[in-house]
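Undergrad: Mind folding the following:
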Amino acid sequence: MALLTKERKRLLYSWSRTLHIYLSMFSFWVLLFFAVTGITLNHPDWLASEGSEEEYMNTFPVASHFPPEEVEKEPDEQNLDTLAIIALLKKEYHAVGNCLSLDAYEDECIAVFKRPGTTCTVTIDFESEEAHTHVLKKGTIAIINALHQGRDSGAVWKWVIDISAALMILVSMTGLIILFSLRRSLRKGLWTMTIGGLLSYGLYYFFVP
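TA: Predicted coordinates for the structure are as follows:
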């Protein structure tokens, strides 16, 4: 800070205040969400999560839609037929979420789908041509906890987590710059920041197994 001219310091402090205010307001809800879900994730016993199960039975025309020999066993190597089957299961057979696996065996196929707080399993019997769909929903708390972790939430939500983390960094750094503009509070503020950092490290060092 000492290397900056008075004019540049004034601009830096002015821009920092503006960014601090509007970044805080822009990210208010998402930062509040991650703060609250940090508590629910750390204390799952505090709030009971009510779950539910759903069962569906359907006829699945195996011969026309699902030749077992064409099903890829690795999700990362899915061919067009496999992708079409996944789309069909989502549209007609109550499957929800991203498909994590689609495994074909001699007499059956098992597809597993997941989304935050929900696991869906579709079992197709090749002989009877029946599709059994089982949907397990773990409740609201499980959903928000999964979103906090980015579990089964897709690429877009992972970007939301990354951007939220970047906003936290910017809000923290602009707050620190603003502190340097407050000469009367600077020393106390820096001491408070140092004590907070040392206390956090001490708790980790002495109490974390």
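Undergrad: For the helix or strand harbouring residue 35, which helices and strands make contact with it?
TA: Under the criterion of DSSP states H and E, residue 35 resides in helix 28-42. For helix 28-42, the contact count by 3 or more CB pairs under 8 Å, 6 or more residues apart in numbering; DSSP states H and E identifies helix 140-149, helix 154-181 as packing neighbours. For glycine as for every other residue, the C-beta is placed from the backbone atoms N, C-alpha and C.
Undergrad: Helices of this structure, residue ranges please.
TA: Using DSSP state H, the helices found in the chain span residues 6-26, 28-42, 62-65, 80-92, 140-149, 154-181, 183-207.
Undergrad: So which of the helices and strands packed on helix 28-42 is nearest residue 7?
TA: helix 154-181 (13.8 Å; CB to CB).
Undergrad: still on that earlier bit, between the helices of the chain, which gets the lowest average pLDDT?
TA: Note on the helices of the chain: helix 62-65 shows the lowest mean pLDDT, a mean of 65.
Undergrad: check contacts around the closest residue to residue 134 other than its chain neighbours.
TA: For residue 134, ignoring the flanking residues on the chain, the nearest one in space by CB to CB, 6 or more residues apart in numbering is residue 121 at 4.9 Å. Residue 121 makes contacts with 110, 111, 112, 113, 133, 134, as judged by CB atoms under 8 Å, 6 or more residues apart in numbering.
Undergrad: Which parts of this structure belong to which domain?
TA: Domain segmentation of the chain under automatic domain parsing yields 6-46+143-207, 52-137.
Undergrad: Relative to residue 45, how far out is the residue nearest the centre of the chain?
TA: Taking CA atoms, centre = their mean, the centroid of the chain lies closest to residue 150, which sits 2.0 Å from it. Here residue 150 is placed at a distance of 23 Å from residue 45 (CB to CB, to the nearest Å).
Undergrad: Give me the pLDDT value at residue 44.
TA: pLDDT at residue 44 comes out at 77.
Undergrad: ditto for the one 5 residues further on
TA: At residue 49, the predicted lDDT confidence score is 60.
Undergrad: That'll do, ta.
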